[in-house]
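[1] Let's see this in three dimensions:
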Amino acid sequence: MHSFKKVIVTSGPTREWIDPVRYISNASSGKMGYHIAEAFLSYQDLELIYIHGNTLDKYSSVKGATKNISVETTIQLRDAVMDEISENSLLVMAAAPADFRPIMTAEHKIKKENKGTKKGLLLELEENPDVLAQVAEYVKDQNIKNSVRVGFAAETQDLEKNAITKILKKGISVIIGNYVGLEIGFGEIDSSVIIYDAKGPQRKIGPLPKEEIAKQIVDYLMNL
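    Below is the predicted model of the structure:
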């Protein structure tokens, strides 16, 4: 059984602004992370920290959580996680952070020029920090004991290969993997996930509503 004193759950997408009205993001609603956080409330004597990006409003606050923390960018998400990571903690990284951000953000709305001509906009991007990889380095540098970190792999192909690669690269214990696409994985629809560790797939859950998947994920994690 678990020896955790604190559980940190992240949820939803981050935003990276191109100009004051446009941004880079993704289709995550925050539903899975929200229900995972809710499921932890059934365990007594746990400090629950819920860190969310730009979720739907109904997934922006977990009633009963010790803290509900709102972030916008991937860097803000990383910093919030690092502020909360501690000994005897479990981090469940269910958020969907943007992997790239514009190198420059325009101060004012970018206007179309020369209407009627075929002109475009060249958008130059740079990589955002890998939150889980940087948290792993921070935990090592600070010698934080009993810090268990769980990631998510939302993939369009080669799920098992990508999930196990992420486990090794990011220094985490478990990955929750699922396929996503235009009609798969995001939002209110039923879903399926596979729990992986470094040895490969350990358990498949679903297809089920995300509320039920979240409960089974939490039960699995609390019995690691």
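
[2] so what pLDDT did the most centrally placed residue in the chain get?
    Nearest to the geometric centre of the chain sits Ala95, at 1.8 Å (C-alpha atoms, centre = their mean). Listed pLDDT for Ala95 reads 96.

[3] could you say which helix or strand contains Ile176?
    strand 174-179 (DSSP states H and E).

[4] Between strand 174-179 and the next helix or strand after that strand, find me the angle.
    Downstream of strand 174-179, the first helix or strand assigned by DSSP H and E is strand 191-197. Here the directions of strand 191-197 and strand 174-179 differ by 150 degrees (axes from the mean of the first three to the mean of the last three C-alpha atoms, to 10 degrees).

[5] can you give me the mean pLDDT across strand 191-197?
    When pLDDT is averaged over strand 191-197, the result is 90.

[6] Sheet-wise, list the partners of the next helix-or-strand element following it with their directions.
    Once strand 191-197 ends, the next helix or strand along the chain (criterion: DSSP H and E) is strand 200-208. If you go by DSSP bridges, strand 200-208 pairs up with strand 191-197 (antiparallel).

[7] quick check, Leu77 in a helix?
    Yes - looking at Leu77 with DSSP: H, G, I helix; E, B strand; the rest coil, it is inside a helix.

[8] list the contacts for it?
    Counting by C-beta atoms under 8 Å, 6 or more residues apart in numbering, Leu77 touches Thr10, Thr14, Ile51, Gly53, Val71, Ala95, Pro97, Val131. Every C-beta, even on glycine, is put in place using the N, C-alpha and C of the backbone.

[9] Next, find the distance separating the first one from Ala80.
    With the distance defined as C-beta to C-beta, to the nearest Å, Thr10 ends up 8 Å from Ala80.

[10] ok, residues contacting stretch 46-65?
    Contacts of stretch 46-65 (C-beta under 8 Å, 6+ apart): 4-15, 25, 28-31, 33-34, 37-38, 40-41, 66-72, 77, 80-81, 84, 95-97.

[11] Of those, which belong to strands?
    Among the contacts of stretch 46-65, DSSP state E puts Lys6, Val7, Ile8, Val9, Thr10, Ser11, Lys67, Asn68, Ile69, Ser70 in strands.

[12] so which of these comes closest to Leu90?
    Of all these, Val7 has the smallest distance to Leu90: 4.8 Å, by C-beta to C-beta.
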